[in-house]
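Student: Okay, structure incoming, though there's no sequence with it:
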């Protein structure tokens, strides 16, 4: 008997799928909450890349139903960084996840904001010893801490049942990505290169309009320059042409038709792209 | 409460698992149909490779229980290609999926045929705006169109509830792969190289018999030639020897024992292999 | 209606996720047992690497709830190797999986031992013909044999319902990994290099103590030598420094802070590492 009224437990980590890290996180959640649905958002965040994980979570949360989010990208595991569980105000009554669990390193920040802001937060006590007394606590918190806490919250525990209250204002936040309008141009950080090579920028269409970008734009990355065409879809592009479109998250994105725009442009997340008006 | 009587929602895409594409498709289906089982067949189709996706789906559907199949390999996303939902006659009463949802680009064709042919088909209206008004419709149809339509069909909607009727005969079909018997030989296209390097051919054992292939065959690819041994299993092969066997889909396949036959032969999907009688 | 009281079906294979092998194994289990939860531990065992699969399974089983484990890493598929189902005594009443299913090649041995030892075992008859009469039996046993048998056991079948009794003592066992204390040093085999490059050794902290390893150790692999620091966590390490810690499975592990220790040390599974006392 699953309990769909309680929603799902959503997982987003940098664990990959080659090892058993993601699988054991799933398994311990279901051992404690056998009626839960566990939904893998992705375990493919690049190892230790908190920023990439935070962006992926921010792109995702608005589409999720009710439940608990577990996010683990945690280069500071075993250090003094706090482990936290946070309740959010929610976008609207009944919609979306109400709890997020993970390390307090900025990973959760953007998602919390999108979900209406933090209502309350607790610091989690360190994981207790693993079963059978083997295994050092603090080295695999998905299995030993975050997964079990998420299961308890899904089962109905309150934040105060799982940790000690902290000031939600004290949660670590990542700096906002670069995105600004200068005369006739937009400077924007590359947020994400997806499997297909599409290049998502921090800027949105409003900034493109403010800069007066027209049907043709100059794209400059480092010293190199390309011409790009503004358009509504992949299909309108010529073979090899670079397009500038609004993507599925409402961001400006550089794309090619059935090719990797990231490879064509030689660009990676974190780099700055300048889009300038041509005509 | 899952509803096993309604079966599952099966997913097959080229989304990969590094990004959140597959995860959000799962999540939106479960948001709309929390009692559904979502079963990932694979998200590892090579990007944009409609043919590989169609072959994978054709190999799979006969093994599936009841439910709805969502397949997305969609280089034409955002173009004029139709999005469709199709009901099939079914292999036998009660068995196998009854609905398939995806782009009308040939991806679904082989599976529809295996499932008894199309009973009816509808064209889906474009995705409406994404939640919160952000995101361009038509760029992530798994999340915005195919996933939600599959959830509705799983919940009991009819084809006419989700789209406008079209002639099932107008659905796009891919050309059949090359597979022919010539005197003393079989010419066959490579359909698939799997993770283990096994090379599946378009031909079946009946064609091998028709060509009179015996216990030893000559395998020729491009200008190169190998000797291969016909047999029933991997285990009968010597180290490094190439074998010709009937695989788990009833196709002829070139295999090595614990090695990649594709690497040994230097062969890739789409290439033509000629199997000639030696003795 | 899922039946959480019956637990889950846990999957661990070398099938990868690029092909439909793992997906079809999931699908056939759910077709036969629609109320089951199928939990993927991992499908990322390196192809044919029985030892790596056995170690992964051994690391995992103590964390699993009740249910049935299906493990498939099977270079001998199609040979005379037996296919088996095994019931275990269990770690404690009610806890952990009670049945394991897979090839009799050593893959299951360590897990069986951890789960209290084999209570009974049966040899499985070969897979019957695949649906629609296509497909050679014995080439895809996850789909045709192990998955269906696991579903039957989950549904309540007994071992004797699915196979012929064999002596549990006759099950194939892998040799134990190298791990020994010599004066002032520990010699230990590398068991596992994880996604993050952490290097798990066969030795545990008790062996480190027996050898008198202090705060600084010499690590030697092949002819090369490094200095390493013993510590409790990643966070205490300097940039680029190699640490020796107890990992999440209670083994000694060589680690770096946010870097791959395996790359730094140039070490792979199966190699021998010597840890010597410095001070």
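Tutor: Looks like it arrived, so ask away. As the structure is a computational prediction, the values presented were derived from the model and not from experiment.

Student: Which residues of the stretch 51-200 of chain A lie near chain B?
Tutor: A:56, A:59-60, A:62-65, A:91, A:192, A:194-196 (CB under 8 Å from any CB of the partner chain). C-beta here means a position set from N, CA and C on the backbone, and glycine is covered the same way.

Student: got a winner among those residues for most neighbours?
Tutor: residue A:56 (29 neighbours; other CB atoms under 10 Å in any protein chain shown).

Student: so what's the residue nearest to residue A:79 when sequence neighbours are not counted up against?
Tutor: Counting by CB to CB, 6 or more residues apart in numbering or on different chains, residue A:79 lies nearest to residue C:235, which is 3.1 Å off, once chain neighbours are set aside. Contacts for residue C:235 (CB atoms under 8 Å, 6 or more residues apart in numbering or on different chains) come out as A:76-80, C:257.

Student: that older thread, the residues of the stretch 51-200 of chain A next to chain B into TSV, with extra columns for pLDDT and secondary structure?
Tutor: Formatted as TSV, those follow (pLDDT from 0 to 100; DSSP: H, G, I helix; E, B strand; the rest coil):
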residue	pLDDT	secondary structure
A:56	98	helix
A:59	97	helix
A:60	97	helix
A:62	93	helix
A:63	95	helix
A:64	96	coil
A:65	94	coil
A:91	78	coil
A:192	98	strand
A:194	97	coil
A:195	97	coil
A:196	95	coil
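
Student: Which one of these is nearest to chain C?
Tutor: residue A:195 (12.7 Å; CB to the nearest CB).

Student: Can you name the residues that contact the closest one?
Tutor: Residues near residue A:195 by CB under 8 Å, 6+ apart: B:15-16, B:18-19, B:21, B:47.

Student: Same check on residue A:14?
Tutor: A:43-49, A:53, A:72-74.

Student: which ones are touching the residue of the stretch 51-200 of chain A at minimum distance from chain B?
Tutor: Residue nearest to chain B within the stretch 51-200 of chain A: residue A:65 (3.5 Å; CB to the nearest CB). Residues near residue A:65 by CB under 8 Å, 6+ apart: A:7-8, A:95-97, B:27, B:30-31, B:34.

Student: hmm, try it at 6 Å
Tutor: A:7, B:31 (CB atoms under 6 Å, 6 or more residues apart in numbering or on different chains).

Student: and if you look at the one 4 residues further on?
Tutor: Residues near residue A:69 by CB under 6 Å, 6+ apart: A:10, A:97, A:100.

Student: do residue A:71 as well
Tutor: A:12, A:57, A:102, A:107.

Student: What of residue A:123?
Tutor: A:82, A:84, A:163-164, A:166.

Student: Most neighbours of all the residues you listed, which one?
Tutor: Busiest of those [other CB under 10 Å] is residue A:84, holding 27 neighbours.

Student: who touches it in this structure?
Tutor: A:104, A:121, A:123.

Student: what are the phi and psi values for residue A:224?
Tutor: Here is the backbone geometry of residue A:224 (degrees, to the nearest 10): phi -90, psi 150.

Student: beta partners for it?
Tutor: On the basis of DSSP bridges, residue A:224 is bridged to residue A:221.

Student: re the thing from before, same list, the contacts of residue A:69, but as CSV with distance to chain C, neighbour count and pLDDT please.
Tutor: What follows is those, written out as CSV (distance: CB to the nearest CB, whole Å; neighbours: other CB atoms under 10 Å in any protein chain shown; pLDDT from 0 to 100):
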residue, distance to chain C, neighbour count, pLDDT
A:10, 16, 27, 98
A:97, 21, 23, 95
A:100, 23, 27, 98
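
Student: With residue A:99 as the reference, measure out to the residue nearest to residue A:67 when sequence neighbours are not counted.
Tutor: Excluding the flanking residues, the one nearest residue A:67 by CB to CB, 6+ apart is residue A:7, at 3.0 Å. Separation of residue A:7 from residue A:99 (CB to CB, to the nearest Å): 10 Å.

Student: swap in residue A:45?
Tutor: Look at residue A:45 and residue A:99: by CB to CB, they are 20 Å apart.

Student: if we can go back for a sec, would you turn the contacts of residue A:71 into CSV with distance to residue B:225 and secondary structure?
Tutor: Below are the contacts of residue A:71 laid out as CSV (distance: CB to CB, whole Å; DSSP: H, G, I helix; E, B strand; the rest coil):
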residue, distance to residue B:225, secondary structure
A:12, 50, strand
A:57, 54, helix
A:102, 57, strand
A:107, 56, coil
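
Student: Now pLDDT, distance to chain C and neighbour count too, for those residues, in TSV please.
Tutor: Shown next, in TSV, are the contacts of residue A:71 (pLDDT from 0 to 100; distance: CB to the nearest CB, whole Å; neighbours: other CB atoms under 10 Å in any protein chain shown):
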residue	pLDDT	distance to chain C	neighbour count
A:12	98	15	28
A:57	98	19	28
A:102	98	17	29
A:107	98	15	30
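
Student: out of the residues you listed, which one sits closest to residue B:263?
Tutor: Closest to residue B:263 out of those is residue A:12 (35.1 Å), distances taken as CB to CB.

Student: Looking at stretch A:118-133 now, give me its mean pLDDT.
Tutor: Taken as a whole, stretch A:118-133 carries a mean pLDDT of 82.

Student: For the stretch 101-250 of chain A, which segments count as strands?
Tutor: Listed in chain order, the strands of the stretch 101-250 of chain A (DSSP state E, counting those that start in this stretch) span A:118-123, A:164-166, A:179-182, A:185-193, A:199-201, A:216-221, A:224-230, A:242-246.

Student: Could I get the buried residue list for the first one?
Tutor: Along strand A:118-123, these residues count as buried under the neighbour rule (16 or more other CB atoms under 10 Å in any protein chain shown): A:118-122.

Student: Was I right to think residue A:17 contacts residue C:41?
Tutor: No. Using CB atoms under 6 Å, residue A:17 is not in contact with residue C:41; the gap is 9.9 Å.

Student: Give me the more crowded residue out of the two.
Tutor: Neighbours per residue (other CB under 10 Å) separate residue A:17 from residue C:41, with residue C:41 holding more: 29 against 23.

Student: Could you save the contacts of residue A:84 as a markdown table and add columns showing distance to residue A:261?
Tutor: Shown next, in a markdown table, are those (distance: CB to CB, whole Å):
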| residue | distance to residue A:261 |
| --- | --- |
| A:104 | 35 |
| A:121 | 39 |
| A:123 | 42 |
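
Student: Out of these, the closest to chain C would be?
Tutor: Closest to chain C, out of all of these and judged by CB to the nearest CB, is residue A:104, at 14.3 Å.

Student: near chain C, which residues of chain A?
Tutor: A:1-2, A:16-20, A:23-24, A:26-28, A:31, A:34-35, A:47-48, A:75, A:78-79, A:131-132, A:134-136, A:139-140 (CB under 6 Å from any CB of the partner chain).

Student: ok, now with 7 Å
Tutor: A:1-2, A:15-20, A:23-24, A:26-28, A:30-31, A:34-35, A:47-48, A:75-79, A:130-132, A:134-136, A:138-140, A:143 (CB under 7 Å from any CB of the partner chain).

Student: Done for today, thanks.
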